[in-house]
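**Student:** Sequence first, then the predicted structure, then my questions.
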Amino acid sequence: MTSYEPVVPIQQQNIVADVKQKHERRNRKALGDIGNLAAAPVVEIGKPQTQISRPITSLMILIRTFRAQLLANGQAAADKNIKKPLAEENNGNLVSKQKKEVVGNHEETPKRRTRKPSKTLTSVLTARSKAACGITTKPKDPVVNIDESDINNELAEVEYVEDIYTFYKLSETEGGLRDYMNLQPDLNAKMRAILVDWLIEVHRKFELMPESIYLTINIVDRYLSQKPVPRRELQLVGISAMLIACKYEEIWPPEVNDLMVISDNAYTRDQILAMEKAILGELGWYLTVPTPYVFLVRYTKASIPSDDEMGNMVFFLTELGLIHYSVIITNNPSKLAASAVYAARCTLNKTPAWTETLKHHTGYSEDQLRECAKVLVSFHACASETKLKAVYRKYVNPEKGAVALFPAARSLVAEVGGGSS
C-alpha cells in the first residue's frame with residue numbers, strides 16, 4: 001500500500017524555514033561560539049608554518065571601523081584638553097588641570113605634579129654661613145596707617161592729605177631758596193641770625209600761633225633773596241614780615257602800634273606799612289608756601305608713638321636750625337623737618353631711630369638725614385652757652401616739657417661744632 005505524504009506548497013515551505021531561522025537567532029548567545037571558528041593548527045618545530053587566511057566578515061569590518069573612530073575621538077579630546085586646561089575654583093583659588101583619557105582602555109593618566117625646585121649645595125652652604133655669622137634677613141617694619149584714627153575727622157582731610165603733601169614737596173622744590181647773602185652787600189649771616197632770634201622772642205611774648213613764626217622767617221628770606229636791604233632796615237623787614245604772617249595765620253593779629261612798641265619805636269607807622277606793601281609786591285602776594293611747620297606736623301605724627309615730649313623736642317631742634325643761615329640754604333623745609341624728627345628720636349632714645357613708616361611719609365632715608373641731624377644736635381649741645389638764647393629760653397620752660405635741658409644725642413654729635421653765632 002502506497003503511503004502518501006502531505007504535499008506542502010513551496011511558498012509554505014519557505015515561510016516555515018524563515019520561522020525556524022528566526023527562532024534560532026533568538027536563542028543564539030551574544031558574541032558566543034556559533035561554530036564558525038576554526039581551530040588553530042598545531043605548530044611543529046622545524047616545519048614551515050602555513051598562513052591561514054580567514055574570510056573577513058562584515059561584523060569584523062564594523063568592529064574595526066568603530067574602534068578606529070573611538071581612538072580618533074579620544075586622541076582629539078586629549079589634544080584639546082592639553083591646549084586648554086580646565087580652570088576649576090577650589091576654595092576661592094583657580095586650579096588649572098589637564099585631563100587626558102584613553103577611551104579604548106578607559107584609563108586616565110595621573111595628574112601632573114609640579115616639582116619643587118631643589119636647593120643647590122651653594123644656597124644651603126650660604127644660608128648656613130649667614131646663620132653662623134648672625135646675618136639673618138629680618139622682615140621690614142610694616143608701614144603704619146597714621147590716618148586711621150582720623151578717618152571720621154573731617155578737618156583731618158584724610159582723603160586728600162597724601163595729595164596735599166605731594167603738592168607741598170613739589171612746591172618747595174620749585175620755590176626753593178638760593179644763596180642770597182652775596183647779593184646783600186650790607187648784611188651777613190650773623191645779622192640774619194640776630195634778627196631771627198629776636199623775632200622768635202617777639203613771637204613768644206605775643207603768644208602767637210606756631211605757623212606765624214615759620215611764615216615770618218620764610219617771608220624774610222624770600223624778600224632778602226630778591227631785594228638788597230640796608231642794614232638799618234633789616235629789623236623793619238622783620239617787623240613787616242611778622243605783620244603779614246600774622247594777618248595770614250592769626251585770628252587776632254597784633255596791631256601796628258604793638259609792633260612799634262616792641263621795636264622800641266625805631267620805625268614809624270608809615271614806614272612799617274610801606275615796607276609791608278613793598279614785601280607783598282616783591283613776592284607777588286604769594287604767601288601759601290610749604291614752610292617747615294607743615295612738614296613737622298605730618299612727620300611728628302608718623303613718629304609712632306608720638307607724644308608731647310616728642311613734639312616739643314622736634315620743634316626745639318627745628319627752631320635752632322631756623323636761626324642759622326647755612327641750615328636754611330642747604331636744606332629744604334621737608335628735609336629740615338625730617339632731620340629734626342630723626343635727631344629728636346635719637347635724643348629721646350627711640351628705637352629704631354628711623355622706621356619704615358617715617359621713610360614712607362617723609363621720602364628720606366636715614367643716611368640722607370644724618371648730616372643735617374648732626375648739625376641740629378650740635379646746636380642743642382651748646383644752646384645754653386650761645387648768645388642767641390631765645391629758643392633755649394622758650395623750650396626750657398616746663399610748659400614745653402623743658403626739652404632744652406635734655407642731654408644731646410651722643411650718637412649724632414657733629415665733629416665740627418657750629419652752635420655758637
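**Tutor:** Received, thanks.
**Student:** how about the strands in the chain?
**Tutor:** 86-90, 93-97, 101-102, 107-108 (DSSP state E).
**Student:** average pLDDT across the third one?
**Tutor:** Right, strand 101-102. For strand 101-102, mean pLDDT rounds to 43.
**Student:** Confirm for me that Leu234 is in contact with Met191.
**Tutor:** Yes. The pair Leu234 / Met191 is scored as a contact, 6.3 Å apart, by C-beta atoms under 8 Å. No exception for glycine: its C-beta is placed from N, CA and C like everyone else's.
**Student:** tell me the domain boundaries of this structure?
**Tutor:** Per automatic domain parsing, the structural domains of the chain span 175-289, 291-421.
**Student:** Worst mean pLDDT among those domains?
**Tutor:** domain 291-421 (a mean of 90).
**Student:** Number of residues surrounding Leu224?
**Tutor:** 22 (other C-beta atoms under 10 Å).
**Student:** so how far is Val220 from the closest residue to it other than its chain neighbours?
**Tutor:** Closest residue to Leu224 apart from its sequence neighbours, by C-beta to C-beta, 6 or more residues apart in numbering: Tyr180 at 5.7 Å. Going from Tyr180 to Val220 by C-beta to C-beta, to the nearest Å gives 11 Å.
**Student:** neighbour-wise, which of the two wins?
**Tutor:** Val220 (23 against 19).
**Student:** For the nearest residue to Leu322 once chain neighbours are set aside, give me its contacts.
**Tutor:** The shortest distance from Leu322 to any non-neighbouring residue, by C-beta to C-beta, 6+ apart, is to Ile217 (5.5 Å). Neighbouring residues of Ile217 by C-beta atoms under 8 Å, 6 or more residues apart in numbering: Val196, Leu199, Ala241, Thr291, Leu322, Ile328.
**Student:** In ChimeraX, select just the buried ones from the residues you listed.
**Tutor:** Of the contacts of Ile217, the buried ones go into a single ChimeraX selection, burial set by 16 or more other C-beta atoms under 10 Å:
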select :196,199,241,291,322,328
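**Student:** What is the nearest of the contacts of Ile217 to Ala344?
**Tutor:** Leu322 (15.2 Å; C-beta to C-beta).
**Student:** Surely that closest one touches Leu195?
**Tutor:** No. In this structure, Leu322 is not within contact of Leu195 by C-beta under 8 Å, at 11.3 Å.
**Student:** so where do the helices sit in the stretch 301-421 of the chain?
**Tutor:** Here the stretch 301-421 of the chain has its helices, by DSSP state H, counting those that start in this stretch, at 308-323, 325-330, 333-347, 356-362, 366-381, 390-395.
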